[in-house]
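>>> A predicted structure for the sequence below; I have some questions about it.
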Amino acid sequence: MTRDLLLALAAFAFVTSVTPGPNNLMLMASGATFGFRRTVPHMLGVGLGFMAMTVLVGVGIAGLLAASPTLSLALKVASLGYMLWFAWKILRAPEPGSTGAGSRPMTFLQAAAFQWVNPKAWAMALTAVAAYAPDRSAGAIVLVAVVFGLINIPSVGSWTLLGQGMRGFLAGPLRRRVFNATMAALLLLSLLPVLTH
């Protein structure tokens, strides 16, 4: 890959990783509820899970989905169901620092698995592989995945820090309810591309 193409890939990875989407909204909500340290496994699951997804998309999973409308529909239904469930969890999230029953951040494996039902992650992986590894060589696919990993983890970490920074402001019950409702609504709005295609 040429230097110019590598810089273009890095810019694409940064813009798509740092802009709002399901992962970043959930990380901001988790940072606000659980703090940065407890959200680290979630952040790593997003970054490393997306890297694995990119590699698998590059070696042919996208073709499998394109060839099977039933599998593609099942993935869409799973995406919608999981996001609706997670929006409900955000809406009912406890006060910052709470350790009540059921009060725990997303785990590494949950966050990694979430990439497979995240419409923005699919769009990012498909576009990155098509644009920056068009020959589908193993080296090019791995390079795309590694560049995304190096850029994605700090980018999503900024959303967690933003959420953690809001913890004091969200200590009041009314502010917390408004924040939770806003995050849940934004997560649901991020589903519009799935519903319209």
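Arrived safely.

>>> going by C-alpha atoms from here, please, whenever you check contacts or count neighbours.
Will do.

>>> scan the helices and strands of this protein for the one with the lowest mean pLDDT.
helix 192-195 (a mean of 61; mean pLDDT, DSSP states H and E).

>>> next structured bit after the helix or strand harbouring residue 139?
For residue 139, the element it lies in under DSSP states H and E is helix 138-165. On the C-terminal side of helix 138-165, the closest following helix or strand by DSSP H and E is helix 173-189.

>>> so for that next one, what's the average pLDDT?
Averaged across helix 173-189, pLDDT comes to 82.

>>> quote the end-to-end distance of stretch 59-71.
17 Å (Cα to Cα, to the nearest Å).

>>> average pLDDT for it?
Confidence over stretch 59-71 (mean pLDDT, whole number) is 73.

>>> also stretch 25-44?
With pLDDT averaged residue by residue, stretch 25-44 scores 93.

>>> for stretch 77-96, same thing?
If you average the pLDDT values across stretch 77-96, you get 74.

>>> mind checking how far residue 76 is from residue 137?
In this view, residue 76 and residue 137 are 28 Å apart by Cα to Cα.

>>> which residues does the most centrally placed residue in the chain contact?
Compute the mean C-alpha point of the chain, and by Cα atoms, centre = their mean the closest residue is residue 23, 2.8 Å away. Listed by Cα atoms under 8 Å, 6 or more residues apart in numbering, the contact set of residue 23 reads 46, 156.

>>> the one 4 residues further on too?
When the contact criterion is Cα under 8 Å, 6+ apart, the partners of residue 27 are 39, 42-43, 156-157, 159-160, 163.

>>> number of nearby residues for the residue lying closest to residue 159 once chain neighbours are set aside?
Distances taken as Cα to Cα, 6 or more residues apart in numbering place residue 28 nearest to residue 159, at 5.0 Å, with adjacent residues excluded. Burial of residue 28, expressed as a neighbour count using other Cα atoms under 10 Å, amounts to 26.

>>> then residue 173?
Burial of residue 173 is recorded as 11 neighbouring residues (other Cα under 10 Å).

>>> so which of residue 76 and residue 137 has more stuff around it?
Between residue 76 and residue 137, residue 76 has the larger neighbour count (other Cα under 10 Å), namely 18 against 12.

>>> and stretch 126-145, how far out from the chain middle?
Mean C-alpha position of stretch 126-145 versus that of the full chain (Cα atoms, centre = their mean, to the nearest Å) differs by 20 Å.

>>> pull out the buried residues from it.
With burial defined by 16 or more other Cα atoms under 10 Å, the residues of stretch 126-145 counted as buried are 126, 128-129, 132-133, 136, 140-145.
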